Every structure is written in C-alpha cells, then in structure tokens.
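Asks: Sequence below, structure please.
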Amino acid sequence: KQLTRILGEFHSLSQVEIEQATGLLQSYHAIYRQTRIQQRLAQSGGRCQSPTSEQLVQMAEVIVQSKSFAKEKEAVLPHFQPEIVLNRLQVLAAQLRQYRIAVRKGGALQLTSIEEPAVQTVVNQMETACEPNDDAEVQAQLLQRYREIFLTGLDTTIGQVTCDRLATMPRKRSPKQFLTALHLMHCQGLSMTEIAPQVDLGGQSQVSRLLQLPEFRTDIRQRWLAILRDRVPELVREFESLDRLQGWDQRLEQVLQEEVESVIQETVAEASAARHRPLTSLFALRLCHYLDALGEPTNHV
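Replies: Numbering: from 1, shown residues only. The predicted structure is shown next:
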C-alpha cells in the first residue's frame, strides 16, 4: 500500500505507528469523506470545514472497533477523544504533504506516483482547514522539526535515566547485568524468565527487581515530557500565524501527554510477551540504539 511505503520508507515510522495511521485513515474514509461526498452531490460548495465533534467521536469509535482494539474497547476509547483524533489527522495529512513536496523537489525517492488517487485523495481531501498551498511547505517544516524534537528528547531522556540508574545500582548488582537484561528484553524479545540465567539471576522475580521497568519508564516519561514542554511551545510560536495552529497553546499540554503516553504504553504492551525477536515499538528501537552505541555485550554475564 502507498501509505505504508510512504510512512515506513520516507518517514521511517515503526510498524505500530503505521498500523495506527492506517486505522486512522480508514476511520476518516468511513465518516468524514462520506459526508463530503454527500455535500458535493448536493452541490454545497465552499471551503471544506474541520470535522465536527460528532464526526470525530464516530471516527474514534471506528478505530477502537478495528481488530487490533476489539477486545480492549472500553480501555482504549478514552485515549481517542475528538481533539486527539483531529490532531492525528492533521499530522498524517502533513506527513503525506511533506512526501509530495520532497518528491516534486527531487529530494526523495519516489515510492509511488504523487498523482495517484490514493495519495491525492488523502493529501487534498483530508486537509481539514483547506489552507493555501503556500502554507504546505511551512507546515511540513513544522512537522519535521517537531518530530526531531520528539525523538531527540526521547534519546536524551533514555541516556539520562539509564546513567542515573547505573549510578545508583546496588552493590550486589552490576551495571553490566542491568544493561544486558535491558538489551535481551527489548532488542532480542526475551522474557524475564529466559533472561535470568544469562545474567546470573535466579528467576523472573530477580530480573524484575533488577530492571524495575515501571519506575524506569515513569522516569523517562516525566523527563521526556519536561523536555517537550520546554521546546515545543517555542516551535509552535514560530508558526502562530498559521490558522490551523490557533488554539494550540490551550491543548498543547494534552497533545504532548497523549503522544508520550502512547509511546510508553506501546512498549509496555509489546514487552509483555516474549517474541524472540527485536521489539518494534519506538521506545524499544531508541533504547536499543542507545545500548548498541554503548557497545555493551549481551552474552552471559
């Protein structure tokens, strides 16, 4: 599919992020585009409007009724409030516009025809504010810079929290045990029971006490969010003249918390089952990148 290739190969998103974007697009097709088609058939012209709150609620319901969320509907639905759905639609549209701009400028390998309906439909019809084309490149720059801040903040926080954990490691535990256990879990997909003999521990409970993953993730969540709270508002203010960014100061905190929490919960769910292959969540990928850069061996301690 064109969307999968663009998000995966051009934007380097994880498989989970791609699946979430696909589900979002399907909900958009099911609700908002159908309404626009009916309006066009009725010859009601004019600027296209942002989806109504009712439409956004309907989109959220479509998302959680998909196969991946069917068994967790009640738990997942609160995370797909109207403003969050709208924000993610805008981000997805900007990602596709960014790809189209890069292709036309010759700055990216063309993975699919930019004139294909699958691309044109999403880029043109999903623009909830129907902003002028002159704004498209500016918005693409905003998205790119936000993603850089988002990833850099995560990388920085992973390094800080890991170093702090090593500095406060009990004497009976070695830093090598901790780093190796982290690597085996996130970069090889082993369970704590499988990790235990490889780090000279007696069983799952000892590995759990060694890693203290809930505290580890909480520290990363809090510090990462603090970085985003400091840097993202400055970025948004640079683009405050864009109509579509009006009101971000009121909902920015909620958006940032939702984005950070989504990354953390993704890795919690993924790490709960042994897969015997590297985890693919954004958190796991960045943690493994950090551990690989340290050059820590993952063999028996």
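Asks: Quick check: residue 59 touching residue 27?
Replies: Yes. Applying C-beta atoms under 8 Å, one finds residue 59 in contact with residue 27, separated by 4.0 Å. C-beta: built from backbone N, CA, C; applies to glycine.
Asks: Give the intersection of the neighbour lists for these two.
Replies: residue 85 (C-beta atoms under 8 Å, 6 or more residues apart in numbering).
Asks: where exactly do the helices run in this structure?
Replies: 2-5, 15-28, 34-41, 53-64, 73-76, 82-104, 117-120, 136-167, 175-188, 192-195, 204-211, 213-238, 248-271, 282-294 (DSSP state H).
Asks: Could you list the low-pLDDT ranges of this protein?
Replies: Within the chain, the ranges that satisfy pLDDT under 70 run 1, 32-50, 64, 66-80, 103-140, 239-250, 274, 296-301.
Asks: Would you map out the domains in it?
Replies: Per the record, the chain has its domains at 1-130, 133-301, by automatic domain parsing.
Asks: still on that earlier bit, mind putting the helices of the chain into TSV with mean neighbour count?
Replies: TSV is the format used below for the helices of the chain (neighbours: other C-beta atoms under 10 Å):
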stretch	mean neighbour count
helix 2-5	16
helix 15-28	19
helix 34-41	12
helix 53-64	19
helix 73-76	12
helix 82-104	20
helix 117-120	15
helix 136-167	16
helix 175-188	20
helix 192-195	19
helix 204-211	17
helix 213-238	16
helix 248-271	16
helix 282-294	18
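Asks: Test my guess that residue 83 contacts residue 251.
Replies: Yes. Counting by C-beta under 8 Å, residue 83 touches residue 251, with 5.7 Å between them.
Asks: so how far is residue 13 from residue 259?
Replies: Residue 259 is 13 Å from residue 13, where distance means C-beta to C-beta, to the nearest Å.
Asks: Please apply the same query to residue 6.
Replies: Note on residue 6: its distance to residue 13, by C-beta to C-beta, is 9 Å.
Asks: ok, these two, which is more surrounded?
Replies: Taking other C-beta atoms under 10 Å, residue 6 and residue 13 do not tie; residue 6 has more neighbours (26 against 19).
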